[in-house]
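Engineer: here is my input; please provide its structure:
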Amino acid sequence: MLTETTTDNGMRIWHSQPATETPLPLVLLLHERYGPVEHTFNVLERFAEAGFIAATPDLFHRFPGERGPIERAEERIDTIDSEAVTDIDATLDYLRSLSYVDGGQVGVAGFCLSGRTPLVYAVARPEQVAAISIAHGGIYPRDYHGDKPGQASVADLIPQIHCPILGMFGEADRSVPMENISRFRSDLERNKLNYWIQVFGDTPHGWMNTTEPERYRELQSDLAWNTLKKFYSSVFSSHWSKDSLTWRFESDVNMKYNFSV
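Structural biologist: This next block holds a predicted model:
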């Protein structure tokens, strides 16, 4: 069941829940560059089917223009870290007021444009987050460079993170080159962070998006969903120890992959 609400500052929040009033863990899903669209709501429903409360805030609510060009990827909005933290705070405040949300069990999942935002929030509010995940984003070259106004570089964020991290990437995603995935893995290990990284061979950007047939890959999407469910379920069940490190790296990369491109 998908529910929409609007905060006092005009930000819309959508959330989906399984058919139960038992308090369940919450996974906050941050939308892609298109803003909240059909795919966003499909992801919410699928997370609810997996047994979580799932919610998405409209991180573009400050944008005064027409949404059509944004939804068609003709224009781009880059969020400011401080504003994203404020919006996520407001979203969690609302969701924690609901009787069926376990406010002590919260994950933050970023996709595409929002991939780096879970890192930002985990640094700003470490006590609020049990785990974070990134899918086909978060470690773009520009994310590491930190050259966007109001955005910290991923290189500066990683040493300040303490919670487990899941990263899922496509080998054929030229926006996230394999060199960046290798660097990300090394940065996590150097800073002694628990992680699970999965690289899907011959897989493009946005492979989980069923509304984009040219990108969607059913097999890899199903595998990614299984990984997401396992990751968050294991974190919420306290299977990731704070006293020992778990480093899990799974990669299916073509032997002829051209790292120079």
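Engineer: where exactly do the strands run in the stretch 101-250 of the chain?
Structural biologist: Applying DSSP state E, counting those that start in this stretch to the stretch 101-250 of the chain gives strands spanning 101-111, 131-135, 165-170, 195-200, 247-251.
Engineer: can I get these in TSV with mean pLDDT, mean neighbour count and distance to residue 180?
Structural biologist: C-betas here are computed from N, CA, C, even on glycine. Formatted as TSV, the strands of the stretch 101-250 of the chain follow (pLDDT from 0 to 100; neighbours: other CB atoms under 10 Å; distance: least, CB to CB, whole Å):
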stretch	mean pLDDT	mean neighbour count	distance to residue 180
strand 101-111	96	22	15
strand 131-135	97	26	11
strand 165-170	98	25	9
strand 195-200	97	22	11
strand 247-251	94	14	13
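Engineer: make CSV out of the ones you listed and add distance to residue 151.
Structural biologist: Listed next are the strands of the stretch 101-250 of the chain as CSV, based on distance: least, CB to CB, whole Å:
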stretch, distance to residue 151
strand 101-111, 13
strand 131-135, 15
strand 165-170, 18
strand 195-200, 22
strand 247-251, 27
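Engineer: and these: which comes nearest residue 227?
Structural biologist: Closest of these to residue 227 is strand 195-200, at 5.6 Å (criterion: CB to CB).
Engineer: sheet partners, orientation included, of that closest one?
Structural biologist: Neighbouring strands of strand 195-200 in its sheet, by DSSP bridges, are strand 165-170 (parallel), strand 247-251 (parallel).
Engineer: so can I have a markdown table of those showing distance to residue 94?
Structural biologist: Below are those laid out as a markdown table (distance: least, CB to CB, whole Å):
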| stretch | distance to residue 94 |
| --- | --- |
| strand 165-170 | 25 |
| strand 247-251 | 33 |
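Engineer: what bridges to residue 134?
Structural biologist: According to DSSP bridges, beta-bridge pairing links residue 134 with residue 110, residue 167.
Engineer: right, and it touches residue 110 too?
Structural biologist: Yes: Residue 134 is within contact range of residue 110, at 5.3 Å (criterion: CB atoms under 8 Å).
Engineer: which neighbours do the two have in common?
Structural biologist: 116, 118-119 (CB atoms under 8 Å, 6 or more residues apart in numbering).
Engineer: from those, which would you call buried?
Structural biologist: 116, 118-119 (16 or more other CB atoms under 10 Å).
Engineer: list just the nearest of the residues you listed to residue 229.
Structural biologist: Lowest distance from residue 229 to these (CB to CB) belongs to residue 118, with 17.1 Å.
Engineer: what score does that closest one have for pLDDT?
Structural biologist: pLDDT for residue 118: 98.
Engineer: can you tell me, leaving aside adjacent residues, what's nearest to it?
Structural biologist: Among residues not flanking residue 118 along the chain, residue 132 sits closest, at 3.6 Å (CB to CB, 6 or more residues apart in numbering).
Engineer: output the buried ones among the shared contacts of residue 134 and residue 110 in a markdown table, with distance to residue 158 appended to each entry.
Structural biologist: Below are these laid out as a markdown table (distance: CB to CB, whole Å):
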| residue | distance to residue 158 |
| --- | --- |
| 116 | 11 |
| 118 | 12 |
| 119 | 7 |
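Engineer: can you tell me which of the residues you listed end up in helices?
Structural biologist: Within these, residues falling in helices by DSSP state H are 118-119.
Engineer: OK, contacts around residue 250?
Structural biologist: 196-199.
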